[in-house]
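K.L.:
Quick one, structure for this:
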Amino acid sequence: MKNKYFRVKGKHKDYIILVKSGNFWNCFFGDAVIIHFITGYKIVNNKVGFPSKVLNKVLNKIGTLNINYILVYELDDIVIHEYTSNSYTFYLNEYLGLYKIKKD
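P.N.:
Reported below is the predicted structural model:
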């Protein structure tokens with residue numbers, strides 16, 4: 001799962017990458033921090049996971065912030081969703097700072 005994440009993230013650095021694994025979606029590192037702050041889901045071992053049944057709720061929150069995202073399915077199919085004004089870097093920097101303060 002992490003291999004898929006890194007492969008796609010290497011080509012799309014300014015996107016949240018969500019990787020499907022069974023009935024869950026997962027994201028890692030900076031993407032996990034963004035998802036943590038917009039959903040309240042916990043970060044465990046630099047990862048946030050959530051059930052497939054709440055994917056639309058998560059995508060709506062990502063969309064409200066105009067953050068580009070990619071869905072990576074189990075068979076390596078990907079779906080890219082882009083906004084004309086991508087806010088990924090802004091929110092990554094904002095939430096990484098807040099997360100560091102929160103952890104200290």
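K.L.:
Surely residue 38 is within a helix?
P.N.:
Yes - the assignment for residue 38 (DSSP: H, G, I helix; E, B strand; the rest coil) places it in a helix.
K.L.:
Chain neighbours aside, what residue packs nearest to it?
P.N.:
residue 61 (4.7 Å; CB to CB, 6 or more residues apart in numbering). In short, each C-beta sits where N, CA and C put it, glycine included.
K.L.:
do you know how far that neighbour is from residue 41?
P.N.:
As judged by CB to CB, to the nearest Å, residue 61 and residue 41 stand 11 Å apart.
K.L.:
Same check on residue 21?
P.N.:
15 Å.
K.L.:
just residue 83 next, same as before
P.N.:
22 Å.
K.L.:
Go through stretch 88-102 and flag the buried ones.
P.N.:
Of all the residues in stretch 88-102, those buried under the rule 16 or more other CB atoms under 10 Å are 88, 91-92, 95, 99.
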